[in-house]
Structures are given as C-alpha cells and as structure tokens.
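Participant: structure, please.
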Amino acid sequence: MPIKMYKPVTLGRRLSSVDSFEDITKTEPEKSLIVNRKKMAGRNAQGKITVRHRGGGAAQFVRIVDFKQDKYGVPAKVAAIEYDPLRGARLALLHYADGEKRYIVAPQGVVVGETLLSSKEQIEVKPGNRMPLEKMPVGVQVHNIELSPGKGGMVARGAGNVASLLALEGDHAQLKLPSGEVRMFAKECMATIGMVSNPDHRLIRWGKAGRTRHRGRRPEVRGKVMNPVDHPHGGGEGKQPIGLKHPKTKWGKPALGVKTRNKKKASWKFIVKRRK
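Facilitator: Next up, the predicted model:
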C-alpha cells in the first residue's frame with residue numbers, strides 16, 4: 001500500500017514516513033484467533049541473551065495464522081483485511097462455508113467479498129487460491145510455499161515476497177525464490193497463487209529512535225566507537241577505520257558477508273542456483 005508522508009513540522013516527522021493503512025477494513029482482531037504474546041527480550045530458555053538489542057516495545061497480540069490452509073474443497077469468503085503488528089504483510093480473515101474462521105497471509109489484490117479455495121486438484125489460477133505445484137502452469141507467481149508436503153507454508157511469506165515457478169521435471173518443481181536462489185521443491189508441495197500483500201512495507205522510514213523502540217528494538221552501538229577492550233574495531237584517536245583486513249564481530253569472529261550455511265546440510269542437493 002502507499003507510503004504516507006507528512007509535512008516536516010517537527011524533527012521527528014522530517015525524515016519519517018508511515019504506512020497509509022488504506023487497505024485495512026477491520027481495526028479490531030478476531031478474539032477467537034488471538035493469544036497473548038510473552039516477550040523474551042532476546043533471551044533463550046536458559047535466560048541468556050542470544051539476540052542483542054531486543055526488549056520493551058508496545059504490547060501485542062499474536063494472531064493465529066493458518067499457513068497450511070488444509071480445508072480442501074471448502075470455499076472461504078474474505079470477510080476482512082486486517083493489520084498484523086508482528087509482520088509487514090496484511091492478514092485476510094476467512095469465513096468458511098462450514099462456519100469456521102481462519103486468518104491467512106493476505107495476497108496482493110484480494111478484496112473483501114471475494115471467494116478463495118484450497119484444493120489438491122487443479123482449480124482456477126487467481127490470487128489467493130491454493131493448490132499443489134504440479135497442478136500449476138509454468139511461469140505462475142506463488143507465495144507461502146511448503147518445504148515438504150503437509151508441513152505448511154514456510155517460504156516466501158514476507159510482505160511483497162513472491163516466487164516464480166520455472167519448471168516441472170520428474171518429482172520436483174523448480175522455483176526462483178525472492179532471494180534469487182533457484183531451488184527444487186517436491187511437486188506435491190502446496191503454494192498460494194499471487195504475491196504477498198503490502199509490498200511497500202520495506203519503503204517505510206522509521207525516522208526516529210522512539211518508533212524503533214516501540215517495535216521492541218533497543219539501541220545499537222557501532223564497534224568502531226567502542227574501546228579496544230569492548231570490540232575488535234575499537235580504539236584509535238578520533239574517527240578511525242576499523243584497522244583490520246576483515247570486519248569482526250564483538251567476539252572476534254568474521255562478520256559481514258561471511259557464508260554461514262553448513263556445507264553438509266541435507267538440503268544442498270535441492271539448490272540448483274545459489275543466491276548472489
């Protein structure tokens with residue numbers, strides 16, 4: 001959706017922009033589909049900080065999103081397009097013909113009143129419909145793709161994400177993912193037609209530290225402005241470069257652009273072309 005700019009009447013407004021929320025049709029979430037969110041502030045089960053610079057932020061409810069969409073053959077009417085505080089994409093509230101309600105990640109272009117369908121058979125190719133990759137025409141754009149049949153969508157779920165079906169060969173389908181990687185998926189894997197909604201989310205400029213704090217992110221400090229005892233990049237008189245051949249993490253490990261994927265990982269054989 002379009003990004004909204006304000007007149008720069010304050011310093012905080014001067015460099016910031018906000019989501020216009022033009023596509024939102026319902027402001028309150030469905031009470032039967034939300035749960036309380038327990039914040040961990042970047043800590044694991046032992047209470048140790050494993051992700052730094054996390055904590056605080058606005059209180060949020062977790063929306064229970066259906067990534068499987070396993071009510072096959074049951075038509076669902078789009079009752080509302082809603083905001084989700086935990087993701088950039090919009091949510092679509094579906095009312096199934098049997099009375100059940102579920103949230104899905106809203107595809108771009110889907111509007112209230114439209115009827116969507118999930119099926120194991122070949123159905124109409126339109127945004128929001130879901131079927132196996134083997135039943136789709138080559139060249140179609142998809143999102144919310146399963147990595148293994150029946151496990152639920154795990155790939156291409158972020159705002160504006162879309163993958164392209166390049167080929168169907170033998171037991172596998174080749175898809176070009178948003179990262180540029182070309183990967184093979186089992187042809188029985190389910191996927192949803194179309195692009196994920198709210199592609200302009202990445203263009204938002206948060207503008208000031210306060211808005212970032214509301215999102216649960218605490219301040220980050222550059223290593224080069226620290227002392228040598230605190231960071232490998234630290235030290236020096238005045239503004240200095242890091243003074244190393246390659247950037248390091250706070251703990252002296254290689255950083256910035258280092259490949260971390262395990263070369264013995266079983267899924268290597270499914271990657272046809274790596275992302276750049």
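
Participant: the residue nearest to Gly234 when sequence neighbours are not counted: neighbour count?
Facilitator: Among residues not flanking Gly234 along the chain, Met226 sits closest, at 3.9 Å (C-beta to C-beta, 6 or more residues apart in numbering). Placement of C-beta: from N, CA and C, glycine included. Other residues lying near Met226 total 15 when counted by other C-beta atoms under 10 Å.

Participant: is it true that Met226 touches Gln240?
Facilitator: No: the pair formed by Met226 and Gln240 falls short of the contact definition of C-beta atoms under 8 Å, at 11.8 Å.

Participant: could you pull out the helices for the stretch 101-250 of the chain?
Facilitator: Assigned by DSSP state H, counting those that start in this stretch, the stretch 101-250 of the chain shows helices spanning 209-214.

Participant: burial check on Ala163, number of neighbours?
Facilitator: Using other C-beta under 10 Å, Ala163 has 24 neighbouring residues.

Participant: how about the contacts made by it?
Facilitator: Residues in contact with Ala163 (C-beta atoms under 8 Å, 6 or more residues apart in numbering) are 141-143, 145, 155-156, 175-178, 191.

Participant: looking at those, which is nearest Glu30?
Facilitator: His143 (22.2 Å; C-beta to C-beta).

Participant: rewinding a little: could you dump the contacts of Ala163 to a markdown table with pLDDT, distance to His233 and neighbour count?
Facilitator: Compiled in a markdown table, the contacts of Ala163 are given as follows (pLDDT from 0 to 100; distance: C-beta to C-beta, whole Å; neighbours: other C-beta atoms under 10 Å):
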| residue | pLDDT | distance to His233 | neighbour count |
| --- | --- | --- | --- |
| Gln141 | 94 | 42 | 19 |
| Val142 | 95 | 42 | 25 |
| His143 | 95 | 39 | 26 |
| Ile145 | 94 | 39 | 23 |
| Val155 | 94 | 35 | 20 |
| Ala156 | 93 | 35 | 23 |
| Leu175 | 94 | 39 | 24 |
| Lys176 | 95 | 37 | 18 |
| Leu177 | 94 | 33 | 18 |
| Pro178 | 94 | 32 | 18 |
| Ala191 | 94 | 43 | 26 |
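
Participant: which residues touch stretch 4-13?
Facilitator: Applying C-beta under 8 Å, 6+ apart, the contact partners of stretch 4-13 are 14, 16-20, 207-208, 210.

Participant: filter those down to the buried ones.
Facilitator: The neighbour-count test (16 or more other C-beta atoms under 10 Å) applied to these identifies 16-17, 19, 207 as buried.

Participant: got a pLDDT number for the closest residue to Gln69 other than its chain neighbours?
Facilitator: The shortest distance from Gln69 to any non-neighbouring residue, by C-beta to C-beta, 6+ apart, is to Ser118 (4.4 Å). If you check Ser118, the pLDDT there is 91.

Participant: again, but for the one 4 residues further on
Facilitator: Per-residue pLDDT puts Gln122 at 87.

Participant: same check on Thr249?
Facilitator: According to the per-residue confidence, Thr249 scores 94 in pLDDT.

Participant: which residues of the stretch 101-250 of the chain score low on pLDDT?
Facilitator: Along the stretch 101-250 of the chain, the model assigns pLDDT under 70 to no residue.

Participant: how close does Gly236 get to Gln69?
Facilitator: From Gly236 over to Gln69 the distance is 55 Å, taken as C-beta to C-beta, to the nearest Å.

Participant: circling back: I'd like the contacts of stretch 4-13 as CSV, with distance to Ala163 appended.
Facilitator: Conversion of the contacts of stretch 4-13 to CSV gives the following (distance: C-beta to C-beta, whole Å):
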residue, distance to Ala163
Arg14, 37
Ser16, 32
Ser17, 28
Val18, 29
Asp19, 24
Ser20, 27
Gly207, 32
Lys208, 35
Gly210, 36
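
Participant: looking at those, which are in strands?
Facilitator: Secondary structure assignment (DSSP state E) places 17-19 from the contacts of stretch 4-13 within strands.

Participant: pull the CA atoms of stretch 216-224 into PDB?
Facilitator: Taking only C-alpha atoms (Å, rounded to 0.1, in the frame of the first residue of the first chain), the coordinates of stretch 216-224 have been written out as PDB:
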ATOM      1  CA  GLY A 216      10.900  -3.700  20.500                       C
ATOM      2  CA  ARG A 217      14.400  -2.800  19.300                       C
ATOM      3  CA  ARG A 218      16.900  -1.300  21.700                       C
ATOM      4  CA  PRO A 219      19.800   1.000  20.700                       C
ATOM      5  CA  GLU A 220      22.800  -0.500  18.800                       C
ATOM      6  CA  VAL A 221      26.300   0.900  19.100                       C
ATOM      7  CA  ARG A 222      28.900   0.700  16.400                       C
ATOM      8  CA  GLY A 223      32.000  -1.300  17.300                       C
ATOM      9  CA  LYS A 224      34.400   1.300  16.000                       C
END
